[in-house]
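> I'll drop the sequence and a predicted model, then ask my questions.
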Amino acid sequence: MGARLLAIDTATTACSVALFEDGARIAADYAEIGRGHAEKLIPAIAQLPDRGRADRILVNCGPGSFTGVRIGISAAKALALAWGAEIHGYSCLSLVAAQALDQLDRPQPVCVAMLAGHGEYFLQNFAATGEPMAPFATLTPDQAAGQIKADVIAGSAAAELAGTAGIDSHFSILPNAAHVSLVASAMKTLPARPNYGREPDAQPAKTA
């Protein structure tokens, strides 16, 4: 058995895992489930060869769903501890950008727009190389329409934002762990900690 990498992605309504050996994908599972990531994730990993055991683990750190991000990172950390594996994170938006670029006929800038809840979007512009042009922002649709720096929009909010901004080219994409190899190596070394992108809906009760 060569060097193995397990990728975990639960930051959106999709739940996906993928196992790579010496850089080649050998197994993967993807499902758009909305909710229930905790129930879906571990069985999906267990169905991979050797129950998904790997030397390295990559996990989507967000921005995305509070529950989904927490589930993915918690599972990744538990497995890394059990296996003595190296663990790193990657950005949800970087993977969506990479998947979109892979679908284009030629490299060009891509704007990624993901649903963030409360009618807002997570938005980030990427160069034709897949590198981010600037940090992501959490914006209203009107604000987002003014921040697009590409002729292509990708992500779960792509159709909505394209309609608002009058852009024809858009891809409705959710991140898929099977395609994590498309993300540049330098962008897959984030600490494995959550980046939610906005404040939680529920706030701790204030003490007197």
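Received the coordinates, thanks. Residues are numbered from 1 along each chain as shown.

> Show me where this structure has its strands.
Along the chain, counting by DSSP state E, strands occupy 4-9, 14-21, 24-32, 56-60, 86-90, 110-117, 120-126, 137-139, 152-154, 169-171.

> what's the angle from the second one to strand 24-32?
Between the axes of strand 14-21 and strand 24-32, defined by axes from the mean of the first three to the mean of the last three C-alpha atoms, to 10 degrees, the angle is 170 degrees.

> List the neighbouring strands of strand 14-21 plus their orientation.
Using DSSP bridges, the strands paired with strand 14-21 are strand 4-9 (antiparallel), strand 24-32 (antiparallel).

> What residues sit buried inside the longest one?
So that's strand 24-32. Within strand 24-32, the residues scored as buried using 16 or more other C-beta atoms under 10 Å are 25, 27-30. C-beta here means a position set from N, CA and C on the backbone, and glycine is covered the same way.

> Identify all contacting residues around it.
The list of residues contacting strand 24-32 from outside it, by C-beta atoms under 8 Å, 6 or more residues apart in numbering, reads 13-20, 40, 44, 47-49, 174, 176-178, 181.

> longest single helix anywhere in the protein?
Scanning the chain for the helix with the most residues, using DSSP state H, yields helix 66-83.

> tell me what that helix is packed against?
Packing contacts for helix 66-83, counted by 3 or more C-beta pairs under 8 Å, 6 or more residues apart in numbering; DSSP states H and E, involve strand 4-9, helix 37-46, strand 56-60, strand 86-90.

> Just checking the distance from it to the centre of its chain.
14 Å (C-alpha atoms, centre = their mean, to the nearest Å).

> That helix versus strand 14-21: what angle between them?
Interaxial angle, helix 66-83 versus strand 14-21 (the same axes, to 10 degrees): 30 degrees.

> in terms of contact, does Asn125 touch Pro132 like I think?
Yes: counting by C-beta atoms under 8 Å, Pro132 is a contact partner of Asn125 at 7.3 Å.

> more crowded one of those two?
Set Asn125 next to Pro132 and count neighbours by other C-beta atoms under 10 Å: Asn125 wins out with 21 against 16.

> which residues touch that one?
109-112, 132-134, 147-150.

> could I get the helices and strands packed on helix 66-83 as CSV with mean pLDDT and distance to Ile167?
As requested, those are arranged in CSV below (pLDDT from 0 to 100; distance: least, C-beta to C-beta, whole Å):
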stretch, mean pLDDT, distance to Ile167
strand 4-9, 98, 26
helix 37-46, 96, 31
strand 56-60, 98, 26
strand 86-90, 98, 26
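
> I appreciate the help and will end here.
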